[in-house]
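Peer 1: Everything below, folded, please.
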Amino acid sequence: MHAAADRLKMEKKGDGSTVTLQALRDVFNTPAWADLKKEASESRITKLISSSVFKSSSGDIDVNTLILFGVLNCPADARHKSQALYPCLQEGGPTKQQFISAGDKDIKQIIQKMMYLTTVDLAKLMAEVDQSTAMDLEDRQEEIDYALEDTIELNYLNPLYGNISKMSYEEWINASEKAENINLVWYDPQAVRMLTLHRAGITANDGVGADKADFDAFTELCTLHKINLTNEEVE
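Peer 2: Below is the predicted model of the structure:
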């Protein structure tokens, strides 16, 4: 994905943060991506990628959003997902930025987008691609935004960094791979969704496409792997 964006940047057709559908077609030209060459009316993958959810302010496809969607939904292991996530958090990746601090400004933006991609943006995708209204989250974005700071602090920064303020790329990769209260949450779309709903005070009774069984299963996962659902830091 970044390769396609970098190619456009070199050709002076983009800034490296966005990519066109045609550039993706040029880069992903294997038989596995054959449907990408079809129009949206004939191809679900083209329709998905063409969704407003992935659009930047310029109208092109936002690279980080597409990568985050892949990190959440692809079947890769925690290490490979961490390697894909790092350049979203640190522009240019480890070749340009070998360290990442707990106070990095991009962490909030990226975590917020991951929360959206499993809730409000997912609802938009389902409506645009499948004409589904199974998730009623249209009026819940403010509650999700209100929960953002606590979610980042208690469920990302604290369990990943602890008392450390900065990590090298390899330290961050190893910590992300090792910490179950990180990778069992942030690399699984259902877990991110349930954490977001929990932190936002949204319940099974609110008609958001998650029932009591979903909430119970998530609570059990959190208990088993020491994922913090309280409003305080835990050791």
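Peer 1: List the contacts of residue 126.
Peer 2: Each residue near residue 126 by Cβ atoms under 8 Å, 6 or more residues apart in numbering is listed here: 132-135. (C-beta placed from N, C-alpha, C; glycine too.)
Peer 1: Of those, which belong to helices?
Peer 2: Among the contacts of residue 126, no member falls in helices (DSSP state H).
Peer 1: Just give me the residue right at the centre of this structure.
Peer 2: residue 114 (3.0 Å; Cα atoms, centre = their mean).
Peer 1: name the element it belongs to?
Peer 2: Here residue 114 is covered by helix 105-117, with elements defined by DSSP states H and E.
Peer 1: measure residue 45 to residue 34 for me?
Peer 2: Distance of residue 45 to residue 34, computed by Cβ to Cβ, to the nearest Å: 10 Å.
Peer 1: Let's see if you can find the most crowded of the contacts of residue 126.
Peer 2: For those, neighbours were counted by other Cβ atoms under 10 Å; the highest total belongs to residue 135, with 21 neighbours.
Peer 1: shouldn't that residue be in contact with residue 124?
Peer 2: No - assessed by Cβ atoms under 8 Å, residue 135 is found out of contact with residue 124, at 9.4 Å.
Peer 1: list the contacts for residue 209?
Peer 2: For residue 209, the set of contacting residues under the criterion of Cβ under 8 Å, 6+ apart consists of 123, 134-136.
Peer 1: want to try JSON lines for the residues you listed, with pLDDT and distance to residue 232 as columns?
Peer 2: Formatted as JSON lines, the entries for those read as follows, by pLDDT from 0 to 100; distance: Cβ to Cβ, whole Å:
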{"residue": "123", "pLDDT": "90", "distance to residue 232": "31"}
{"residue": "134", "pLDDT": "71", "distance to residue 232": "34"}
{"residue": "135", "pLDDT": "75", "distance to residue 232": "30"}
{"residue": "136", "pLDDT": "74", "distance to residue 232": "31"}
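Peer 1: Make CSV from those and add distance to residue 29 to it.
Peer 2: Formatted as CSV, the entries for those read as follows, by distance: Cβ to Cβ, whole Å:
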residue, distance to residue 29
123, 32
134, 34
135, 34
136, 39
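Peer 1: Which one of those is nearest to residue 198?
Peer 2: Distances from residue 198 to the contacts of residue 209, taken as Cβ to Cβ, are shortest for residue 135 (15.7 Å).
Peer 1: Let me see the ranges of the helices in this structure.
Peer 2: 2-10, 21-27, 44-49, 63-73, 78-89, 105-117, 120-130, 141-146, 148-152, 158-161, 169-178, 180-186, 189-199, 212-225.
Peer 1: excluding its backbone neighbours, what's nearest residue 192?
Peer 2: Spatial nearest neighbour of residue 192, excluding adjacent residues (Cβ to Cβ, 6 or more residues apart in numbering): residue 118 at 4.4 Å.
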